[in-house]
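Trainee: I would like to see how this sequence folds:
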Amino acid sequence: MESSKWRWRRIAPALASALMMAVVAVGGAPLAHASCQLDSAKGKIKHVVYVEFDNVHFTRDNPNVPSDMEQMPNLLNFIKQNGTLDAGDHAVLISHTANDILTTQTGLYSDNDGIFVANNFGVFGYPGFSSIYFPSSFFYWTDLVSDITPGTKDNTFALTTPSGDNVPAPWVPFTRAGCDVGAFSTANIALERSPFDVVKVFGSGSPEASDPNQFGDFIGAAIHCAIGSPFCTSANHAVNDLLPDEPDGGYNGYKALFGLKYIAPALGGITDYNNNPVNDFSKINFDPVPAQTLAVVETMLKKGVPVVFAYIADAHDDQEGINSGHAFGPGEKGYVKQLADYNAAFGKFFANLAKDGIDQTNTLFIFTPDEGDHFVGSAPTNPGCDGVTTPCTYSHVGELEPDLNKLVTNAGDSTPFAYHFDSSPTVFVPGQPIPTDASVRQLERTMATLTAHNPYTGNTDNLMAAMADPVEEAMLHMNTLADPARTPTFTFFGDPDYYFYANGSASPVPYPYNAWNHGDFQPEIARTFIGIAGPGVKNLGVTDPQDFFTDHVDLRPTMMSLLGLKDDYGHDGRVILELLDPSILPSTEHAHHETLLRLGQVYKQINAPFGDLAKQTLQISTAALASNSASDATYTRLENDIAGFTSQRDALAGQMKSMLEDAEFNGASINEQHARDLISQANSLLSAADACSANLSNCP
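Mentor: The predicted structure is shown next:
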């Protein structure tokens, strides 16, 4: 996320406002109910462990200091010895926790799930789009925008398909296959907000609605149950698991448990790795460390919940209360201490599971971060420090916060606007004027020239790194077709040292409680990793990031392919064939393996927000929005070029996606010549965009 502490600081106002067999054991390994059928990797996968980190890094932030993963060898070595760490994975835009988690959960880009800005998204309110709201991006799966922020009067699903339906829920293929799905602290699939989510799920007259500890009792944990699950009983306070728009026959008769108040007793109690009871989420508050999260995952697995999605907070924020709440720089003593504790918890987790027969021979393990981030602070005062043997020390740690409104006003531009507080703020001009509106164009030109004095370096920094208006945002999958009210006037990708915040100061104010920015497109933010191990996964150790490109939407189809399950929709991602044992692949993927690899790789380059095409068009967009030629001719020409590239991309990507999805999940054979033609057309599109970005006079 932002760190999860940061997440809560920013969204606190939003929070205020059929008989089944019993669990059995075979060879010491607890199994799910007898009906749980994962037609997977030749039938070997019996459990799924899916852990999403907040901002945990495989690459080093200081070349002398081992990275987060290097300081967690119990996790890193488990992945390397039993599977693969894909070091070439990428986030999506805007790179923040909510939409990054959603894209991994669903395999859909943000224009197909409705949330492309996080951890709050902007909405032009009614009437006349004169009011601008910023609802939280953390909500329960079926919430409407107006459920989150009633003043918007926006009754579309917050998670909306382009046609306006609720996005299919990620637990459904599992529960339909007879498998219960646990969730702990991860976004949108457990309840997020009290009192609204609690009242919605349990009813306004329920005891839960009047519970004085709603947040601690009912938020942050869930078990979505298969029909007849022994967990989802009336004695355990199960409620209907309502998904009114779920396709493929609906979702009637399914139940769920919500909250530790009911889940912990149903599991026979949960104790973390520090021997503390896990029964009140308010003591965790979406900041769980591995000793908490992994204990919950272990308990769920051993008690017969075969599929668990969970979340772990970052280690570079002060999770243990040892730094007065201030963030750490790479290699600081407290940072290293927290990572050592993280490492110990992973050691205990894998050892405890193995004792009960749950390991890489029968379990699919997935570990991935939501996004990377950029450290804001001075260089170490002891430059030779390595963190582990010699702790690093810093004179300055903390992001720099100027007020974007004040900066613009001081530059002589009086155009009114609201913005989403971020390193990459989305800008909303009241009334939602069209992109060519004179005041909008002037505001873009003004922002392109903004500078600030950096108190850490003494330098004057140019604050703009890039800009995109709705034309480029469509290329970046940053739009919501079913709800145009969410489309920002434009997006200002800033210098990642700066976090733009309405504090009333045009001069950057250091903020020591957060020192790790994201949302932007720099490599340290964009690139993440996927650690995956288990039956059907190749043991490649660590891949070279240059070997192949993946991003968040590829994780879901890859997981579903390994598990032999299907979603009720086509994915925006591809199965990462590079990671899978060919012996488990369907015959059609065997027959066309090399062509599908080539098709999938070029598909990513034209369709991913951090693919080559998006990178080139973002450069073109930046030049267009900053331009000031006669009659705005340069802007008009370049915007038309971007729109043309996007139209070509959409046509090609649509055909590629259908071909890949049919081969991966429908057993369809591909037309080799058609595939080669698509690859050729995609390469031509990439070449044209590259030539245009290199020399704007070369644009078509």
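
Trainee: pLDDT score assigned to the residue most central in space within the chain?
Mentor: In the chain, the residue lying closest to the centroid (CA atoms, centre = their mean) is Asp100, at 1.3 Å. Predicted confidence (pLDDT) at Asp100: the value is 97.

Trainee: How about the one 10 residues further on?
Mentor: The per-residue pLDDT reported for Ser110 equals 97.

Trainee: For the residue nearest to it when sequence neighbours are not counted, what is the enclosing helix or strand?
Mentor: Taking CB to CB, 6 or more residues apart in numbering, and ignoring the residues beside it in sequence, Ser110 has Phe116 as its nearest neighbour in space, at 3.4 Å. (C-beta placed from N, C-alpha, C; glycine too.) Under the assignment given by DSSP states H and E, Phe116 is not contained in any helix or strand.

Trainee: And the helices in the stretch 551-700 of the chain, which stretches?
Mentor: Under the criterion DSSP state H, counting those that start in this stretch, helices of the stretch 551-700 of the chain are mapped to 555-563, 587-591, 593-607, 612-626, 633-665, 672-694.

Trainee: again but with the stretch 101-250 of the chain, I slipped
Mentor: Here the stretch 101-250 of the chain has its helices, by DSSP H, counting those that start in this stretch, at 145-148, 172-176, 196-202, 214-218.

Trainee: hang on, the earlier thing: least confident of the helices of the stretch 551-700 of the chain, on average?
Mentor: Taking mean pLDDT as the measure, helix 587-591 is lowest among the helices of the stretch 551-700 of the chain, coming in at a mean of 85.

Trainee: buried residues in that one?
Mentor: Residues of helix 587-591 classed as buried under the neighbour-count rule (16 or more other CB atoms under 10 Å) are 588-589.

Trainee: other SSEs contacting it?
Mentor: Judged by 3 or more CB pairs under 8 Å, 6 or more residues apart in numbering; DSSP states H and E, the packing partners of helix 587-591 are helix 633-665.

Trainee: buried set for the helix it packs on?
Mentor: Here helix 633-665 shows 634-635, 637-639, 641-642, 644-646, 648-649, 652-653, 655-657, 659-661, 663-665 as buried, counting by 16+ other CB under 10 Å.

Trainee: swap in stretch 403-412?
Mentor: 403-408.

Trainee: which residues are in contact with it?
Mentor: Counting by CB atoms under 8 Å, 6 or more residues apart in numbering, the neighbours of stretch 403-412 from elsewhere in the structure are 415, 417, 419, 425, 427, 443, 446-447, 449-450, 452, 463, 492, 500-506.

Trainee: Which members of these occur in helices, if any?
Mentor: The helices, defined by DSSP state H, take in 443, 446-447 from these.

Trainee: quick check, nearest of those to Gly347?
Mentor: Met447 (48.6 Å; CB to CB).

Trainee: and that closest one, how far is that from Pro135?
Mentor: 24 Å (CB to CB, to the nearest Å).

Trainee: And the pLDDT at the residue lying farthest from the centre of the chain?
Mentor: Most distant residue from the mean C-alpha position of the chain: Ala630, 41.7 Å away (CA atoms, centre = their mean). Per-residue confidence at Ala630 stands at 97 (pLDDT).

Trainee: Kindly report the same for Glu2.
Mentor: With respect to pLDDT, Glu2 scores 40.

Trainee: One more: Gln37?
Mentor: In the prediction, the pLDDT value recorded for Gln37 is 85.

Trainee: The chain should start at 51 in everything you say after this.
Mentor: That works, and once the first residue is 51, the last one we named lands at Gln87.

Trainee: Setting aside sequence neighbours, what's the nearest residue to it?
Mentor: Nearest non-adjacent residue to Gln87, counting by CB to CB, 6+ apart: Ala227, 5.1 Å away.

Trainee: hang on, isn't that neighbour packed against Leu615?
Mentor: Yes: A contact is recorded between Ala227 and Leu615 when judged using CB atoms under 8 Å, the distance being 6.3 Å.

Trainee: In contact with Glu722: list those residues for me.
Mentor: The contact partners of Glu722, taken as CB under 8 Å, 6+ apart, are 642, 645.

Trainee: per-domain residue ranges of this structure.
Mentor: Dividing the chain into domains by automatic domain parsing, as the record does, gives the ranges 54-430+434-442+574-592, 449-561, 641-748.

Trainee: Mind putting the ones you listed into TSV with distance to Phe598?
Mentor: Compiled in TSV, the domains of the chain are given as follows (distance: least, CB to CB, whole Å):
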stretch	distance to Phe598
domain 54-430+434-442+574-592	6
domain 449-561	20
domain 641-748	6
